[in-house]
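Novice: Provide a 3D model corresponding to the input given below.
(2 chains)
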Protein chains: 2
Amino acid sequence: MPRRSFSCAVIIKLNPDLPIGIFDSGVGGLTVYRALHEQLPQERFVYLGDTARVPYGTKSLATVERYAVENARFLEAHGVKLLVVACNTASALALPAIRASVSVPVVGVIEPGARAAVAASVGKRIGVIATEATVRSGAYARAIRELAPTAEVLERACPLFVSLAEEGWAETDVARKVAAEYLTDLVGGRVDALVLGCTHYPILRRVIQETVGAQVRLIDSGEATAKSVEAALERENLRRRSFDTATGRLLIERVRERRLCDDLDHFYVTDAEERFARVAERFLGSAPTRLEAVEVWGHDELHPA
Amino acid sequence: MPRRSFSCAVIIKLNPDLPIGIFDSGVGGLTVYRALHEQLPQERFVYLGDTARVPYGTKSLATVERYAVENARFLEAHGVKLLVVACNTASALALPAIRASVSVPVVGVIEPGARAAVAASVGKRIGVIATEATVRSGAYARAIRELAPTAEVLERACPLFVSLAEEGWAETDVARKVAAEYLTDLVGGRVDALVLGCTHYPILRRVIQETVGAQVRLIDSGEATAKSVEAALERENLRRRSFDTATGRLLIERVRERRLCDDLDHFYVTDAEERFARVAERFLGSAPTRLEAVEVWGHDELHPA
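Specialist: As a prediction, this is how the structure comes out:
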């Protein structure tokens, strides 16, 4: 994350007790939410899933930028101290546009994922599976080659993985057949690390691992991003310092039991909250209780570009 | 189609030489366009695919209504004599809202599909496969029971079929496995007619037929809708009467060769025209040449509800 993206004047104003904002094109970003919660159990989160316009992975640069900026402005207006772009497609295509539109620090998932892949890959032969738009953008290949200029990067779009994850078919014969089809080029030692470059893919982790073989390290960008967010909070002196005693007790207990705080965190969707709750249960183990449908468009008038 | 939906005053103003408007949430409606073109080769068409907000099948009633009305107003403003709602989800959820918003005749795909299914089913045991939103709306079951009150209707959402069709995997082992999984309840004589209640499904027709068995009649709502549109044009005296000599000669030649007129018809998308062209080629055999990206939102200001 380039330091120039947020000035000192802004940092002074940010309150460490504010929540962290996360947005995704839909429900997939909950895998990033889960990783963030595990890495930073004392933090609170506001999650926005743009379910009215999901998916982003088949859409154009201009459209993804517009949607991403609207989401970012919605979360900024809600009062967050840092913004996590959980959606790989939005991170790959729209990070500069988002950073130009809000004044809080912004962390995307591409750079942390690329860094983790480079660290994990011994032979510097790295596979990336992602949406059509992310693959077309070449963002992962660029980020990987910035860190390891001689790395060989093989990218592959796997659009059916999203429907399989949302349908709850992650560990079926269908999923195994689809994985075998998509990952043909990536088996047999062609790569030694594989980036799961779409928030839905960690749900299919087991089938993907079986298909590419145990010797390939799978990189979950969500986990890598959670570590980057922790470093950014530390650097900017934005770690949460206080909470009331009751919440504090609850949190300590939950962290001990490794449970989620989906009743303390706030979840917003732009459409169809029932469906979100149903799929969220599949992703998190329980449905968020503080879930609300909102409109994020039209915030442009408040913040002219 | 209830007659009350368009008044005499409006019919007088409509010009039979205007094109027919078709809209869909994306590329799937091209199967309806193809059926319309085959049924009505002398007509010209304007197609709108709302690719910026596709899919509709996982979204809520309010959102589908809003998107559908915006699409309908865009096509009305473009000058069409009749509007075909090719999208099953929009037809199931938003037909009343669309009819209240435009003054041209509107034909959806549900009623024609239901009528064709009732005509084809001897035992009046009818299956319907569609998107989550269409199934949840119960629109097909209602339309079928209006025509045959004692009919047994079995509905099943098949969300993965859409990705399979768009991925070009219509006749693969994966498609066969997915079909076997979704259609379990519909095989073994449970139904004798099956409505393909999503515009993408005719692309998987062969695999669906294999799965349910040759004795089940598959109903393509697109084909049934084309017949309804022909009847509506006849009734409203809106059949195209004239065209210039060069176009006339071209059309006669094409009709003889059963070829599409995708260079005479106009195609609009709200996003990602390259992807649309690529998938369209898979659906039509050739990519449309007159293809343009447009914005359909914001027409509300011109036509306050």
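
Novice: OK, contacts around residue A:92?
Specialist: A:108, A:110, A:130, A:133-134, A:137, A:139-140 (Cβ atoms under 8 Å, 6 or more residues apart in numbering or on different chains). Every residue, glycine included, has its C-beta placed from N, CA and C.

Novice: And the residues you listed, which is closest to residue B:256?
Specialist: Closest approach to residue B:256 among the contacts of residue A:92 (Cβ to Cβ): residue A:133, at 41.8 Å.

Novice: packing partners for the host helix or strand of the closest one?
Specialist: Using DSSP states H and E, residue A:133 sits within helix A:132-137. Other helices and strands packing on helix A:132-137, by 3 or more Cβ pairs under 8 Å, 6 or more residues apart in numbering or on different chains; DSSP states H and E, are helix A:61-78, helix A:88-101, strand A:152-157.

Novice: Of the ones you listed, which stretch is the most buried?
Specialist: Across the helices and strands packed on helix A:132-137, averaging neighbours per residue (mean count of other Cβ atoms under 10 Å in any protein chain shown) puts helix A:88-101 on top, at a mean of 24.

Novice: I'd like to know how far residue A:45 sits from residue A:265.
Specialist: Remark: distance between residue A:45 and residue A:265 (Cβ to Cβ, to the nearest Å) = 4 Å.

Novice: Contact partners for the spatially closest residue to residue A:201 that is not a sequence neighbour?
Specialist: Excluding the flanking residues, the one nearest residue A:201 by Cβ to Cβ, 6 or more residues apart in numbering or on different chains is residue A:161, at 5.6 Å. Residue A:161 makes contact with A:129, A:178-179, A:182, A:198, A:200-201, A:204, according to Cβ under 8 Å, 6+ apart.

Novice: and residue A:161, what pLDDT?
Specialist: Per-residue confidence at residue A:161 stands at 96 (pLDDT).

Novice: host element of residue A:267?
Specialist: Using DSSP H and E, residue A:267 falls within strand A:266-269.

Novice: Can you tell me which of the contacts of residue A:92 comes closest to chain B?
Specialist: When the contacts of residue A:92 are ranked by distance to chain B (Cβ to the nearest Cβ), residue A:133 comes first, at 8.6 Å.

Novice: hang on, the closest one packs against residue A:59?
Specialist: Yes - contact status for residue A:133 versus residue A:59: in contact at 6.4 Å, counting by Cβ atoms under 8 Å.

Novice: Give me the more crowded residue out of those two.
Specialist: Legend: neighbour count by other Cβ atoms under 10 Å in any protein chain shown for residue A:133 and residue A:59, higher for residue A:59 (28 against 25).

Novice: Assumed the more buried one was part of a strand.
Specialist: No - Residue A:59 sits outside any strand when classified using DSSP: H, G, I helix; E, B strand; the rest coil, being coil.

Novice: I'd like the next helix or strand past the helix or strand of chain A with the lowest mean pLDDT.
Specialist: When each helix and strand of chain A is scored by mean pLDDT, DSSP states H and E, helix A:8-13 comes last, with a mean of 50. Scanning forward in sequence from helix A:8-13 by DSSP H and E, the next helix or strand is strand A:20-24.

Novice: check contacts around residue A:84.
Specialist: A:20-23, A:32, A:36, A:106-109, A:225, A:229.

Novice: Would you mind writing the PyMOL command to select the buried ones in those residues?
Specialist: Buried residues within those, by 16 or more other Cβ atoms under 10 Å in any protein chain shown, are selected in PyMOL with:
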select buried, chain A and resi 20+21+22+23+32+36+106+107+108+109+225+229
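
Novice: Dump the contacts of residue A:84 to a markdown table, plus distance to chain B and pLDDT.
Specialist: What follows is these, written out as a markdown table (distance: Cβ to the nearest Cβ, whole Å; pLDDT from 0 to 100):
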| residue | distance to chain B | pLDDT |
| --- | --- | --- |
| A:20 | 27 | 98 |
| A:21 | 23 | 98 |
| A:22 | 21 | 98 |
| A:23 | 17 | 98 |
| A:32 | 20 | 96 |
| A:36 | 25 | 95 |
| A:106 | 24 | 98 |
| A:107 | 27 | 98 |
| A:108 | 22 | 98 |
| A:109 | 22 | 98 |
| A:225 | 26 | 97 |
| A:229 | 29 | 98 |
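
Novice: Could you dump the contacts of residue A:84 into CSV with distance to residue A:250 added?
Specialist: As requested, these are arranged in CSV below (distance: Cβ to Cβ, whole Å):
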residue, distance to residue A:250
A:20, 18
A:21, 22
A:22, 21
A:23, 26
A:32, 23
A:36, 18
A:106, 30
A:107, 27
A:108, 31
A:109, 29
A:225, 25
A:229, 22
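
Novice: And for the closest residue to residue A:58 other than its chain neighbours, the neighbour number?
Specialist: Nearest residue to residue A:58 in three dimensions, chain neighbours excluded: residue A:132, at 5.7 Å (Cβ to Cβ, 6+ apart). For residue A:132, the tally of surrounding residues (other Cβ under 10 Å) stands at 17.

Novice: same check, this time on residue A:253
Specialist: Each residue near residue A:253 was counted by other Cβ under 10 Å, and the total is 10.

Novice: ditto for the one 3 residues further on
Specialist: Applying the criterion other Cβ under 10 Å, we find 9 residues in the vicinity of residue A:256.
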